[in-house]
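In: could you work out the structure for the sequence below:
(4 chains)
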Protein chains: 4
Amino acid sequence: MIIVVKRDSTQEQIDHIVALIHGMGLRTDVSRGIKRTIIGVIGEEDAVRNAPLAAIPGVEEVVPILKPFKLASRDYQAEDSVVDVGFGVKVGGGSLAMIAGPCAIEGREILFDIARQVKAAGANILRGGAYKPRTSPYSFQGLGEEGLSILREALVDKYADILQIGARNMQNFNLLSEVGQTKRPVLLKRGMSATVTDLLMSAEYILAQGNKRVILCERGVRSFDSSTRNLLDLSIVPNARGQSHLPIIVDPSHATGRPDLIPAMSLAAVAAGADGVHIEVHSCPEKALSDGPQALLPDQYAAVMGQMRQVAGILQRTIPAPRGK
Amino acid sequence: MIIVVKRDSTQEQIDHIVALIHGMGLRTDVSRGIKRTIIGVIGEEDAVRNAPLAAIPGVEEVVPILKPFKLASRDYQAEDSVVDVGFGVKVGGGSLAMIAGPCAIEGREILFDIARQVKAAGANILRGGAYKPRTSPYSFQGLGEEGLSILREALVDKYADILQIGARNMQNFNLLSEVGQTKRPVLLKRGMSATVTDLLMSAEYILAQGNKRVILCERGVRSFDSSTRNLLDLSIVPNARGQSHLPIIVDPSHATGRPDLIPAMSLAAVAAGADGVHIEVHSCPEKALSDGPQALLPDQYAAVMGQMRQVAGILQRTIPAPRGK
Amino acid sequence: MIIVVKRDSTQEQIDHIVALIHGMGLRTDVSRGIKRTIIGVIGEEDAVRNAPLAAIPGVEEVVPILKPFKLASRDYQAEDSVVDVGFGVKVGGGSLAMIAGPCAIEGREILFDIARQVKAAGANILRGGAYKPRTSPYSFQGLGEEGLSILREALVDKYADILQIGARNMQNFNLLSEVGQTKRPVLLKRGMSATVTDLLMSAEYILAQGNKRVILCERGVRSFDSSTRNLLDLSIVPNARGQSHLPIIVDPSHATGRPDLIPAMSLAAVAAGADGVHIEVHSCPEKALSDGPQALLPDQYAAVMGQMRQVAGILQRTIPAPRGK
Amino acid sequence: MIIVVKRDSTQEQIDHIVALIHGMGLRTDVSRGIKRTIIGVIGEEDAVRNAPLAAIPGVEEVVPILKPFKLASRDYQAEDSVVDVGFGVKVGGGSLAMIAGPCAIEGREILFDIARQVKAAGANILRGGAYKPRTSPYSFQGLGEEGLSILREALVDKYADILQIGARNMQNFNLLSEVGQTKRPVLLKRGMSATVTDLLMSAEYILAQGNKRVILCERGVRSFDSSTRNLLDLSIVPNARGQSHLPIIVDPSHATGRPDLIPAMSLAAVAAGADGVHIEVHSCPEKALSDGPQALLPDQYAAVMGQMRQVAGILQRTIPAPRGK
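Out: Predicted coordinates for the structure are as follows:
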């Protein structure tokens, strides 16, 4: 951490700053430049990260040097984390999670039909919302418990729950701590205006409680162009992977909200190095109870899966083979 | 609601769209232009708002006409809501809520000292965080229960709790529904990338459960200029007030994160017509356990209160008089 | 175009609006709903697009239906434009423009060296800035005329100038009109906060003057996360291609500003369907006079070219073969 | 300037970095921390500001310490600049510039009428666009030369031209240098996604050519909420004034695009400490050829002027008195 001292600060103020830092058990390195004096803080930066140094008279700016996350960082673990979600499905380390299914679970028959088709195309994780957070209190909110029981039935007798933390809950820190205390894999979606550091800090909350099975998910950020629902930020894939060992997948359905853009963005996600792709699929979008307009048809999904598989191959990564119909 | 039909759509597709809408119990008004056919939907727009019309083949765009919120709208209630928070303090209708206090409750003595000083300056609501959501799991998280008990003691034997929904929880819809079922006043802070419609929809969740005592709060949105913590959007004050009867206050402390900007932004908030101003005050910012650098000193607070009172007077609005020391 | 009338507007106001529109030579279709009256405007929407209809008393909102661009639209030309930049290099229609070179031309020898290496890797267009717009008046501003003459020499006796409109000039409408009057191909870079419609409107300025050889270029938009220089928006590739026949290429160098992210983003750009990729390459980035830190080394460029060629192949698109050293 | 060295960098790399900086005539201060080594650069930071230090192997990050602008800074000139625009009108130092008039000059009679009314209300600078940059090539582009001659006539025999650099030209550096070589006052509008530093750097381009008469202007930035045209950032007023001696005014008309929000935002601008307010006024907005919907009526303007005058008084600042009709 570096403290930049104000141009007109007095020696007394500088001494006061230095004394405060020494009082925290850290050393300082004062460097007097022509225009500014800077004070380097030497020792465990974490000890001062949250101290209100910027409020000390004479301080112009406090510049942190280290990343504020630890357990999520490559410094802590150099090799990629591989999250085992059960039944042979692994996310990270070259195996891609191909997650597909309807936005919301609407009924037994329709979910079974979609599940059969996406499985045939090679999807290895089925999705379907039971509880749907909606911006309007008057919208369909999901089937709740009944939805969950249908989802489990669709997966026959074996299923591996993944807990999803939605974008709007990415900074619900109590929730993060609670899922950190479970042993379940967690899919942590990026908040609508979260930086890559914010996302990794939220992962840190889960990791700090002992749960290491965290999968990050990019799903678009808020932007000024309303022609897409959100702005898909694919650069976060290599950006997060450079700083963190955690796998990161991409959700082009929620990011774009437009089926005409989803195939291209799915391919781009795989090319960017994503550890998986999450796509909404519905066999009758015009009758879907939630987010129908952003779903692909099962045939469209199968087609884009074929292309994604080829792109993954170029990067020496693996997408499950189709299993016929 | 208006449905714009694709340029190359067939008569069959148009008939299919019209039939679907009639099936929802609504009427249509088909208008064939030179380049596009548009279908006006007549009847209760809410019936179709969440229907996946955009997924119907032939549909280019669905344009909603009415605002998606009802109970929060001026259509529903023309006159300003005045929220009575108890003990003679009212928010809205010309009375300004002057909320002040430290970011976090750190101890009995320091809170009492700050409370005494902001009260002397005219503040009518004391704030102090007991549970602090922090981006880092390693930061001070508040005193919890102990903090609450200190806060109640500072307010002697009479206190009126206001429930605060923080920016990160603005779209925690379960929480909104729950506070909607209480009888307590609610301070609903705008999410970091929430539109004015998003904010009013979150208020709608609370109102829909029967709790009418909702106070909106602007606290800055995410932006590209990192020289301030967030970007304070004062235009939301007249913008929200034009569409909604709910009072709206402004928090320049969290918005800017910079004490050098807070006095000017506080005055501007009152001039913009805000129903209150929320300012962090700390008697020793450099020792604060949370957000010290963004707090005003008690003397600075008293000075800006004096100016705010004058600006409020120009607008025929009232800020409580100072009560000496 | 649709005009939504205010809830409390009078019949007289509605008649006034209708009369004004008829006075513009257009027809109207008035549809009285339960809560709002809407007036459909039938005829050439362009005639009223810029009329101040929103200022008429009683008007709540004016909703345009058609896109404001014409010559750039797929409605005007359904098939992809292929821009011939000379000497057998075509952009669009399956042929990718592989543009590479240093940010600024710094000298004869260094440019020749870089040119030789990127050509060997398969690049078919050489770039090098002669005039560098810089945010600081104290930064290196390019070699100017001398730079241009070096660039021409590097290209031996045959060269095909492409005029580049930088992001900061995307809405310099006089400049757009002037390049529209030349016969040169134009590379139009997206402004830092331009929507897809803004970009296509700027292209329209050039097309309207008779110059059809416009190539769009995505180079990132301003965002709240400062960990990358800008936020690369790959969804604009299928988004623009859906609405417009113009080719669109991607510049991951300026978008990310980080060489560690450029290879992944280059692959993703090709996978997203881009008609070309623009990459800064420098043989000694640490000595570059402009934007050195964002350049790839020639060997890194050759490696990513190999992967991009494979991804392009999956999409039945062509990147020139390497030509050895 | 501080250079943060990568965790796994070698001593050889650190020596290489230090040698390069010494080669630029600067001194270094190497500070070895537990997790990172940092290198302080001592001397004229400008000498290295644009050097590609981030491209040197082993460098993780380059952290600038000083602001990149000089002539525009408070370090260079501590007291407020007062820009004399002629005929007794001064901007800055307590005198507010009250700029009013139509978006575009449409004709002699209408301009004279508006000029008379805004002058009566106290406006001291008349505005009227002769050349209108429009996003569409098919929109009214202004009367050009004819408009200029009408504008001069409206101002009778005495007029003081102020050159306006529009938001879209804020980073047209050639234009900035050219107006820097004139002796005319310059109104420099903030670009749609410009930071406060970007704005001050553009001012620096003008100042560096010798023209000291620069007035900054906030006119809103791009945001995700389309309910206003742009997002008015009033915090830039105290933010810029803290760092720079240049006066800054506010344009709520272009920022909001909504007459219902302009009065509140105008008052807020004065309360925030702005050195002037720029408001579009039109005597018949529904017939305006450009931006009619965002103009105030002359009576509305006179009313808000009265309130702004009172708010200015609280801050010991002066707005010209009304001059009757």
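
In: tell me where chain A has strands.
Out: Along chain A, counting by DSSP state E, strands occupy A:2-5, A:27-32, A:37-42, A:59-63, A:83-86, A:89-91, A:97-101, A:125-126, A:163-165, A:186-189, A:214-218, A:248-250, A:276-280.

In: and the third one, anywhere near chain D?
Out: The one in question is strand A:37-42. Yes. Strand A:37-42 is in contact with chain D by C-beta under 8 Å from any C-beta of the partner chain, via A:I38, A:G40, A:I42. (Glycine included, C-beta is placed from N, CA and C.)

In: note down every partner strand of that strand and its orientation.
Out: strand A:2-5 (antiparallel), strand A:27-32 (antiparallel) (DSSP bridges).

In: what's near enough to touch A:V221?
Out: A:R190, A:M192, A:S193, A:A194, A:N230, A:L231, A:D233, B:S193, C:S223, C:F224, C:D225, C:L231 (C-beta atoms under 8 Å, 6 or more residues apart in numbering or on different chains).

In: who wins for most neighbours among these?
Out: C:S223 (28 neighbours; other C-beta atoms under 10 Å in any protein chain shown).

In: once you drop chain neighbours, what's closest to that one?
Out: C:L231 (3.7 Å; C-beta to C-beta, 6 or more residues apart in numbering or on different chains).

In: swap in A:V41?
Out: Here the residue nearest A:V41, using C-beta to C-beta, 6+ apart, is A:M1, at 4.2 Å.

In: pull the number of nearby residues for that neighbour.
Out: With other C-beta under 10 Å as criterion, A:M1 counts 23.

In: same deal with A:Q316?
Out: 7.

In: right, and it touches A:L96 too?
Out: No. If you go by C-beta atoms under 8 Å, A:Q316 and A:L96 don't touch, sitting 11.6 Å apart.

In: so where's the stretch 1-150 of chain A uncertain?
Out: Applying pLDDT under 70 to the stretch 1-150 of chain A picks out residues A:45-47, A:50.

In: what does it put close to chain B?
Out: A:20, A:46, A:49-50, A:52-57, A:68, A:133-140.

In: quick check, pLDDT for the residue lying closest to A:A55 once chain neighbours are set aside.
Out: Nearest residue to A:A55 in three dimensions, chain neighbours excluded: B:P285, at 3.8 Å (C-beta to C-beta, 6+ apart). On pLDDT, B:P285 comes in at 85.

In: ok, B:P285 - contacts?
Out: Here B:P285 is in contact with A:P52, A:A55, B:P259, B:G292, B:P293, B:A295, B:L297 (criterion: C-beta under 8 Å, 6+ apart).

In: list the residues that contact the closest residue to the first one other than its chain neighbours.
Out: The reference is to A:P52. Excluding the flanking residues, the one nearest A:P52 by C-beta to C-beta, 6+ apart is B:G292, at 2.8 Å. Counting by C-beta under 8 Å, 6+ apart, B:G292 touches A:P52, A:A54, A:A55, B:C103, B:H282, B:P285, B:E286.

In: thinking again about what came up before, dump the strands of chain A to JSON lines, plus distance to C:E61.
Out: As requested, those are exported to JSON lines (distance: least, C-beta to C-beta, whole Å):
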{"stretch": "strand A:2-5", "distance to C:E61": "49"}
{"stretch": "strand A:27-32", "distance to C:E61": "58"}
{"stretch": "strand A:37-42", "distance to C:E61": "54"}
{"stretch": "strand A:59-63", "distance to C:E61": "45"}
{"stretch": "strand A:83-86", "distance to C:E61": "47"}
{"stretch": "strand A:89-91", "distance to C:E61": "46"}
{"stretch": "strand A:97-101", "distance to C:E61": "37"}
{"stretch": "strand A:125-126", "distance to C:E61": "42"}
{"stretch": "strand A:163-165", "distance to C:E61": "37"}
{"stretch": "strand A:186-189", "distance to C:E61": "33"}
{"stretch": "strand A:214-218", "distance to C:E61": "34"}
{"stretch": "strand A:248-250", "distance to C:E61": "35"}
{"stretch": "strand A:276-280", "distance to C:E61": "31"}
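
In: distance to C:A208 and mean neighbour count added to these, as CSV?
Out: Formatted as CSV, these follow (distance: least, C-beta to C-beta, whole Å; neighbours: other C-beta atoms under 10 Å in any protein chain shown):
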stretch, distance to C:A208, mean neighbour count
strand A:2-5, 51, 22
strand A:27-32, 58, 16
strand A:37-42, 54, 22
strand A:59-63, 48, 18
strand A:83-86, 54, 18
strand A:89-91, 51, 21
strand A:97-101, 45, 26
strand A:125-126, 50, 20
strand A:163-165, 49, 19
strand A:186-189, 43, 24
strand A:214-218, 38, 27
strand A:248-250, 38, 27
strand A:276-280, 40, 29
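
In: hang on, the earlier thing: go ahead and confirm the residue nearest to A:V41 touches A:V63.
Out: Yes. A:M1 lies in contact with A:V63 (C-beta under 8 Å); the separation is 6.9 Å.

In: between those two, what contacts are shared?
Out: Counting by C-beta under 8 Å, 6+ apart, nothing touches both A:M1 and A:V63.

In: coming back round to it: which among the contacts of B:G292 end up buried?
Out: A:P52, A:A54, A:A55, B:C103, B:H282, B:P285, B:E286 (16 or more other C-beta atoms under 10 Å in any protein chain shown).

In: what's the pLDDT at the residue nearest to A:P52?
Out: What the model reports as pLDDT for B:G292 is 75.

In: what does the stretch 201-325 of chain A put close to chain B?
Out: Proximity of the stretch 201-325 of chain A to chain B (C-beta under 8 Å from any C-beta) is limited to residues A:201-202, A:204-205, A:208, A:221-222, A:285-293, A:295.

In: and the residues you listed, which are buried?
Out: A:201-202, A:204-205, A:208, A:221-222, A:285-286, A:288-293, A:295.

In: from those residues, which ones fall inside helices?
Out: Among these, the members falling in helices (DSSP state H) are A:M201, A:S202, A:E204, A:Y205.

In: tell me the contacts of the last one?
Out: The reference is to A:Y205. When contacts are counted by C-beta under 8 Å, 6+ apart, A:Y205 touches A:F173, A:L176, A:S177, A:G180, B:P137.

In: again, but for the third one
Out: For A:E204, the residues meeting the contact criterion (C-beta under 8 Å, 6+ apart) are A:F69, A:K70, A:L71, A:A72, B:S136, B:P137.

In: endpoints of stretch A:222-241, how far apart?
Out: 22 Å (C-alpha to C-alpha, to the nearest Å).

In: my guess is A:Q300 contacts A:D260. True?
Out: No. Using C-beta under 8 Å, A:Q300 is not in contact with A:D260; the gap is 10.2 Å.

In: for A:G147, which non-adjacent residue is spatially closest?
Out: Excluding the flanking residues, the one nearest A:G147 by C-beta to C-beta, 6+ apart is A:A130, at 3.3 Å.
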